[in-house]
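> got a sequence here, can you build the structure:
(one chain, ligands or ions: 1)
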Amino acid sequence: MPTLYFSEDESNYDILVLLTDNLHPNGKTKAATLLYLDGKKIIAADITIYESGLLYHDGEIIPVLQHELGHAIGLGHSNYAGSVMFPSLIVVDDEIIGHISECESEGVKTAYSSFVERVECNIE
Ligand SMILES: [Zn+2]
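Alright, predicted model coming up:
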């Protein structure tokens with residue numbers, strides 16, 4: 001049974017999250033996820049959140065991190081603007097409308113239902 005561990009040890013991880021105040025080289029991308037694959041299976045992911053201090057200040061870091069974690073577990077982009085996996089943040093009346101929606105829960109169920117019955121979460 002797969003187990004997900006949270007740790008600050010960078011030497012042994014499944015998903016690494018790097019927060020930096022640097023700009024992405026293209027000057028506009030807020031975050032990126034690099035997947036390490038064994039065939040079609042994701043074995044690890046590196047998430048980089050750019051300008052993290054500014055994103056935190058603007059209240060955008062949580063949806064951006066949720067989006068990248070979605071990529072880290074194998075989700076692609078959604079065409080539904082209310083989905084956290086929509087390719088960009090949509091702000092209406094100062095409120096981010098993207099959230100973890102049925103798109104994400106159905107995507108995860110579809111992606112993992114064939115070989116995972118349950119995922120354990122252990123926080124160290
Ligand atoms: Zn994306």
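> drop to CA atoms for contacts and neighbour counts, all remaining ones
Fine.
> tell me the bridge partners for residue 32.
Per DSSP bridges, the residues bridged to residue 32 are residue 48.
> show the pLDDT at it.
pLDDT, residue 32: 95.
> how about the one 5 residues further on?
Confidence per residue is given as pLDDT, and for residue 37 that number is 93.
> wait, it sits on residue 43?
Yes - using C-alpha atoms under 8 Å, residue 37 is in contact with residue 43, at 5.6 Å.
> what sits against the nearest residue to residue 51 once chain neighbours are set aside?
Nearest residue to residue 51 in three dimensions, chain neighbours excluded: residue 21, at 3.9 Å (C-alpha to C-alpha, 6 or more residues apart in numbering). Neighbour list for residue 21: 50, 51, 52, 53, 54 [criterion: C-alpha atoms under 8 Å, 6 or more residues apart in numbering].
> closest to residue 79 out of those residues?
Using C-alpha to C-alpha, residue 50 is the member of the contacts of residue 21 that sits closest to residue 79, with 23.7 Å.
> I'd say residue 48 and residue 19 touch.
Yes - applying C-alpha under 8 Å as the test, residue 48 and residue 19 come out as touching, 6.1 Å apart.
> more neighbours: which of the two?
Neighbour count, other C-alpha atoms under 10 Å: between residue 48 and residue 19, residue 48 has more, with 20 against 15.
> for whichever strand or helix holds residue 53, list every residue counted as buried.
Following DSSP states H and E, the helix or strand that holds residue 53 is helix 52-57. Residues of helix 52-57 classed as buried: 52, 55 (neighbour count, 16 or more other C-alpha atoms under 10 Å).
> restricting to C-alpha, output it in CSV.
Backbone C-alpha positions of helix 52-57 (Å, rounded to 0.1, in the frame of the first residue of the first chain) are rendered in CSV as follows:
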residue,chain,number,x,y,z
SER,A,52,6.6,32.7,-2.9
GLY,A,53,6.7,35.7,-0.5
LEU,A,54,4.6,37.8,-2.9
LEU,A,55,2.2,34.9,-3.6
TYR,A,56,1.8,34.4,0.2
HIS,A,57,1.2,38.1,0.7
